[in-house]
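Enquirer: how would this look folded up:
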Amino acid sequence: MMTIITQRLAGSAIRRQASRNFLRCRKGATAVEFALVAAPFIALLVALLQTALVFFAERMLDEITEEASRYILTGQAQTSNMSAAQFATYVCTGDQTLTKLVSTLFTCNNLLINAQSYANFSAANTNDPIAGFNGSNQPVDSNGHAIAMTWAPGNPGDTVVLQIMYQWPVMGGPLGLNLSNLSNGKRLLMSTAVFKNEPY
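Expert: As a prediction, this is how the structure comes out:
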């Protein structure tokens, strides 16, 4: 009987010692701490990468617009009676320095070209012509009516506003990150070049 009591007391002491050791043990602290900060860390990482990609695409669209605008500025688009669709094809395939860049980042069929000509710089309108897109993916104005892009590259000496737009797909990130500015969940990238046509 005494042996059983001794064993029980020893077992109880061992369990208390194990409990104390468990509470003092720090071996899993790093894993627990990482589990607590992993979600915000990954959310921040995704947000940084996605934001950087959007800024990079916007900068590349600026570069493409700057290069493509020279084709209008020098009168090459006008003298060859180029349509908006032909100009969009030129933007994607015409300039060898940009072809790989455009085809890598953008789907050429989704580029929107808007060119308007004015008598002088003070009359030029650089506002965004698009308020959103409808269910058929057509651009619409603020009233929800479908609109067509303008193609008016102008004459010698005219002031031209060239806008190239693209719907960039973005994904919703963790912790509510959302870079979209369109109702369809995409981000409208727009680059504008304002220039005066040369006397070609």
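Enquirer: so where do the helices sit in the chain?
Expert: Counting by DSSP state H, the segments of the chain that form helices are 2-24, 29-73, 76-79, 84-93, 96-105.
Enquirer: lowest-confidence stretch among the ones you listed?
Expert: Among the helices of the chain, helix 2-24 has the lowest mean pLDDT, at a mean of 57.
Enquirer: separation between Trp151 and Ala52?
Expert: 33 Å (C-beta to C-beta, to the nearest Å). For every residue, glycine as well, the C-beta is placed using N, CA and C.
Enquirer: the two: who's more crowded?
Expert: In this view Trp151 and Ala52 are compared by other C-beta atoms under 10 Å, and Trp151 has more residues nearby, 18 against 10.
Enquirer: does the more buried one touch Ser117 like I think?
Expert: No. Under the criterion of C-beta atoms under 8 Å, Trp151 is not in contact with Ser117, lying 10.0 Å apart.
Enquirer: pairing partners for Leu189 in the sheet, please.
Expert: Beta bridges link Leu189 to Tyr166, judged by DSSP bridges.
Enquirer: that one and Val170 touch, don't they?
Expert: No. Using C-beta under 8 Å, Leu189 is not in contact with Val170, being 10.4 Å away.
Enquirer: hey, what's in contact with both of these two?
Expert: Val54 (C-beta atoms under 8 Å, 6 or more residues apart in numbering).
Enquirer: wait, Asn134 sits on Ala146?
Expert: Yes. Assessed by C-beta under 8 Å, Asn134 is found in contact with Ala146 at 6.3 Å.
Enquirer: overlap in contacts of the two?
Expert: Contacts common to Asn134 and Ala146, judged by C-beta under 8 Å, 6+ apart, are Val140.
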